[in-house]
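Student: make a model of this:
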Amino acid sequence: MNNNLQAWGWNDHFAAHFAPFAEQDVCVGRIVLEHKRLYRVMTEHGELLGEVTGKFRFTASGREDYPAVGDWVVITPRVEEKRASIHAVLPRTSKFSRRAAGETVEEQIVAANVDTVFLVNALNNDFNLRRIERYLILAWESGANPVIVLSKADLCEDVERKVAEVESVAIGVPIHAISAERGDGLDSLAPYLREGQTVALLGSSGVGKSTLINRLAGMDLQRVSGVRSKDDRGRHTTTHRELFRLPSGGLMIDTPGMRELQLWEADDGFRDAFDDIETLAEACRFRDCSHEREPGCAVQAALADGSLQRARFDSYRKLQRELAHLARKDDARLQAAEKNKWKKITMAMRHAKPKR
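Tutor: Predicted coordinates:
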């Protein structure tokens, strides 16, 4: 595999999974842009426009099986046409998923094969600890390492106090306060942006993601819009997911602002994000303690002495209920998906039977 693909994050993990395809007339590429089921794929032949094959569509059981930005895919290139057919997605090292917007319970993969997730939150009027908790759950569940980037430090009069507040809910997670507008604090992000390392840049609309990308890239890759004076929030300027290569050699995935951010299968991520409360719960007298009125409840004791803030505990319970509700809906979705899979298999077998 040539050095060009290594610069885009190709490594031994993906090479091992590509080995079974090596004897076939195929090659690999990385998805750098996704837009309405068409994909820009970076390959050893340069950038090609890719589309999944009919067989791929037939065997895909859901939205999560389709390529996402950051995925490595097996392709048949048609170099003269600048196009490619996508046959398979190589196993992911990580995936950043969320529940797709709307009423249906469906996984939406926002970014794949990410090493680090920058959780960008503005230090102005949009500052919200509860949103940070939610982002942390999703980040931990992804398999990538979360890093909190507190943007717009130039618009905050008490940066140290807000950093301390974030530290209280993001225990052990690196936190960096920056001002992309002024270029302050950007050097602290350099260790995450080394050659071949992939970072996903995530945050609500208007927190300064596009300005940050432009600063790190040294050019205007993303359009930046002004903020509304009434609430300091910006308009959503990114309309699709895209992977950029930075001058440092690092790779960055920008995503549209997530207005309807909902959880998706986040049991492990939930425990990691609320490790302080989960650790307290282990000290409760009863294993099935509901942390309400039971005697010997370590969580209630922490609330009483002030070592656990009521707002954080309320957020813990709210997100816990949300995940339980999602799990019940997901059971129904899985049953329907299994039924649909066997229906496809039965139809395929009927068509394969030889006619007498």
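Student: when you work out contacts or count neighbours from here on, use the C-alpha atoms and nothing else.
Tutor: Will do.
Student: okay, residue 218 and residue 211: tell me how far apart.
Tutor: Distance of residue 218 to residue 211, given as Cα to Cα, to the nearest Å: 10 Å.
Student: which of those two has more neighbours?
Tutor: Using other Cα atoms under 10 Å as the criterion, residue 218 and residue 211 rank with residue 211 on top: 22 against 11.
Student: and the pLDDT for that one?
Tutor: Predicted confidence (pLDDT) at residue 211: the value is 88.
Student: low-confidence bits of this structure, can you list those?
Tutor: When residues are selected by pLDDT under 70, those of the chain lie in 1-3, 98-106, 219-240, 255-269, 324-356.
Student: where do the helices sit along it?
Tutor: 3-7, 12-18, 54-59, 129-142, 159-169, 209-217, 267-273, 275-281, 298-305, 310-352 (DSSP state H).
Student: so which of the ones you listed is nearest residue 191?
Tutor: Closest to residue 191 of those, according to Cα to Cα: helix 209-217, at 12.7 Å.
Student: okay, the closest one in CSV with CA atoms only?
Tutor: Output of helix 209-217 as CSV, limited to C-alpha atoms (Å, rounded to 0.1, in the frame of the first residue of the first chain):
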residue,chain,number,x,y,z
LYS,A,209,-16.1,24.6,14.7
SER,A,210,-15.7,26.1,11.2
THR,A,211,-13.4,28.9,12.5
LEU,A,212,-11.3,26.3,14.3
ILE,A,213,-10.9,24.2,11.2
ASN,A,214,-9.9,27.3,9.2
ARG,A,215,-7.3,28.3,11.8
LEU,A,216,-5.8,24.8,12.0
ALA,A,217,-5.8,24.5,8.2
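Student: that older thread, can you list the helices of the chain in CSV and add distance to residue 94?
Tutor: Listed next are those as CSV, based on distance: least, Cα to Cα, whole Å:
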stretch, distance to residue 94
helix 3-7, 18
helix 12-18, 12
helix 54-59, 21
helix 129-142, 6
helix 159-169, 23
helix 209-217, 22
helix 267-273, 13
helix 275-281, 21
helix 298-305, 33
helix 310-352, 21
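Student: which of those sits closest to residue 122?
Tutor: helix 209-217 (9.7 Å).
Student: any idea what the residue nearest the centre of the chain is bridged to?
Tutor: For the chain, the residue nearest the mean C-alpha position is residue 96 (2.7 Å; Cα atoms, centre = their mean). According to DSSP bridges, the residues that bridge with residue 96 are residue 111.
Student: which residues sit in contact with it?
Tutor: For residue 96, the contacting residues are 109, 110, 111, 112, 114, 138, 139, 141, 142, 143, 144, by Cα atoms under 8 Å, 6 or more residues apart in numbering.
Student: repeat that for residue 304.
Tutor: Here residue 304 is in contact with no residue (Cα under 8 Å, 6+ apart).
Student: 10 Å instead?
Tutor: 298, 310 (Cα atoms under 10 Å, 6 or more residues apart in numbering).
Student: hey, what's the nearest residue to residue 153 once chain neighbours are set aside bridged with?
Tutor: Once flanking residues are discounted, residue 153 sits nearest to residue 179: 5.1 Å by Cα to Cα, 6 or more residues apart in numbering. Bridge pairing for residue 179 (DSSP bridges) gives the partners residue 184.
Student: isn't residue 179 right next to residue 212, touching?
Tutor: Yes - taking Cα atoms under 10 Å as the definition, residue 179 is a contact partner of residue 212 at 8.5 Å.
Student: common neighbours of those two, please.
Tutor: 151, 186.
Student: what number of residues lie near residue 206?
Tutor: Residue 206 has 23 nearby residues by other Cα under 10 Å.
Student: now do it against residue 193, distance only.
Tutor: 23 Å.
Student: now swap in residue 91 and tell me
Tutor: Residue 91 is 23 Å from residue 193, by Cα to Cα.
Student: between these two, point out the one with more neighbours.
Tutor: residue 193 (21 against 15).
Student: which residues touch the spatially closest residue to that one that is not a sequence neighbour?
Tutor: Leaving aside its sequence neighbours, residue 193 sits nearest to residue 250 (Cα to Cα, 6+ apart; 4.3 Å). Residues in contact with residue 250 (Cα under 10 Å, 6+ apart) are 7-9, 190-199, 216-217, 244.
Student: could you rerun that using 7 Å?
Tutor: For residue 250, the contact set (Cα atoms under 7 Å, 6 or more residues apart in numbering) comprises 193, 194, 195, 196, 197, 198.
Student: again, but for residue 144
Tutor: By Cα under 7 Å, 6+ apart, residue 144 lies in contact with 94, 114, 115, 116, 117.
Student: how does it look with 10 Å?
Tutor: 93-96, 112-118, 138, 198-200.
Student: likewise for residue 28?
Tutor: 1, 5, 10, 14-15, 18, 21-22, 41-44, 72-77, 86, 88-90.
Student: touching, residue 137 and residue 315? I think so.
Tutor: No - Residue 137 is beyond contact range of residue 315, at 12.0 Å (criterion: Cα under 10 Å).
Student: overlap of the contact sets of the two?
Tutor: Counting by Cα under 10 Å, 6+ apart, the residues touching both residue 137 and residue 315 are residue 274.
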